[in-house]
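**Student:** got a structure for you, letters missing:
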Ligand SMILES: *[C@@H]1O[C@H](CO)[C@@H](O)[C@H](O)[C@H]1NC(C)=O
Ligand SMILES: *[C@@H]1O[C@H](CO)[C@@H](O)[C@H](O)[C@H]1NC(C)=O
Ligand SMILES: *[C@@H]1O[C@H](CO)[C@@H](O)[C@H](O)[C@H]1NC(C)=O
Ligand SMILES: *[C@@H]1O[C@H](CO)[C@@H](O)[C@H](O)[C@H]1NC(C)=O
Ligand SMILES: *[C@@H]1O[C@H](CO)[C@@H](O)[C@H](O)[C@H]1NC(C)=O
């Protein structure tokens, strides 16, 4: 006989529960909204810092890109592409024959800032006057598929760390001042399809291991100081 009231109170409890859970759901929605807003604004902060490093090239003068980072209209000198709110592609293309960035530019700090966009898959930084040795920590962009650093003043060796970027499909370092031997670990990049190192100062013979790059479609090595025997590549 005492079952009825018990059921009653169970129902009331259910009703209370569903009433109570509403604000909870709302709170969760609101929380995740502010979370993604925070994420957006932290990416915008990072982009702003990147722009500062580049000495505010005219391409990035527009303020509106910081307001709505992911829906900003791309053009030939600047594009930001997002996937689910994360920047996955960043293309910044400066003016042809851009001069060296000033002496106080630090490629190391620049890359440290850049790797705060860890979802980047495609990174194009062309004609921006970047100078210095390419820091190995760029591999913290562990999803990187396309890296295009054409027409800057980067020098030294291609950092060994790049050998662990197993997602890398396209590596373009044309028109820089990279030097030293062509590393034979390049062949350990499993999906590398495009390798272009034209107009640099590489001086070595070509490593035999290049022919192990099974997915290689494009190889650009002109205007360097390569020597030695020919390699037969099945590309
Ligand atoms: C690309 O867009 C940016 C930002 O809106 C602007 O500053 C720049 O002048 C544009 N560049 C070209 C080539 O249209
Ligand atoms: C977006 O970035 C955040 C923070 O880095 C990460 O937690 C989340 O998994 C990323 N989302 C996607 C879809 O990659
Ligand atoms: C570098 O120096 C220039 C002035 O020569 C200054 O405007 C700029 O803010 C400095 N950049 C950094 C990163 O300190
Ligand atoms: C790399 O940048 C150069 C210079 O803007 C461009 O001509 C080339 O098409 C780019 N390659 C890729 C694969 O993005
Ligand atoms: C390559 O160039 C560097 C720097 O100019 C030089 O020290 C080195 O001996 C050269 N190596 C070869 C194999 O020519």
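**Tutor:** That came in fine, so what should we check first? Only a predicted model underlies this, so the values are computations on that prediction, with no experimental measurement involved. Residues are numbered from 1 along each chain as shown. Ligands and ions are numbered 1, 2, ... in the order given.

**Student:** looking at it, residue 105 is touching residue 111, isn't it?
**Tutor:** No: contact criterion Cβ atoms under 8 Å: residue 105 and residue 111 do not qualify, at 11.6 Å. Just so you know, the C-beta spots here come from the backbone N, C-alpha and C atoms, and that holds for glycine as well.

**Student:** okay, residue 215: pLDDT?
**Tutor:** In this model, residue 215 is scored at 92, pLDDT.

**Student:** do residue 195 as well
**Tutor:** pLDDT, residue 195: 96.

**Student:** name all residues that make contact with it.
**Tutor:** By Cβ atoms under 8 Å, 6 or more residues apart in numbering, the residues touching residue 195 are 171, 186, 213, 216, 218-220.

**Student:** partner strands of the host helix or strand of it, with direction?
**Tutor:** Counting by DSSP states H and E, the element that carries residue 195 is strand 194-196. When sheet partners are counted by DSSP bridges, strand 194-196 sits next to strand 170-172 (parallel), strand 218-220 (parallel).

**Student:** near ligand 4, anything from the last one?
**Tutor:** Pointing back at strand 218-220 there. No: against ligand 4, strand 218-220 shows no contacts by Cβ under 6 Å from any ligand atom, the least distance being 9.0 Å.

**Student:** that strand: how far from the chain's middle?
**Tutor:** The chain centroid and the centroid of strand 218-220 are separated by 22 Å under Cα atoms, centre = their mean, to the nearest Å.

**Student:** any idea how far residue 110 is from residue 201?
**Tutor:** Applying Cβ to Cβ, to the nearest Å, the value for residue 110 to residue 201 is 22 Å.

**Student:** okay, now residue 129: neighbour count?
**Tutor:** Number of residues near residue 129 (other Cβ atoms under 10 Å) recorded here: 19.

**Student:** cool, and residue 50?
**Tutor:** Neighbours around residue 50, by other Cβ under 10 Å: 18.

**Student:** contacts only, for it.
**Tutor:** Taking Cβ under 8 Å, 6+ apart as the criterion, residue 50 is in contact with 92, 110, 113-114.

**Student:** same check, this time on residue 160
**Tutor:** 136, 183, 185.

**Student:** again, but for residue 131
**Tutor:** 100-101, 105, 107, 152-155.

**Student:** any idea how far the residue in the chain that ligand 4 sits nearest to lies from ligand 1?
**Tutor:** The minimum distance from the chain to ligand 4, using Cβ to the nearest ligand atom, falls at residue 148 (3.7 Å). Separation of residue 148 from ligand 1 (Cβ to the nearest ligand atom, to the nearest Å): 17 Å.
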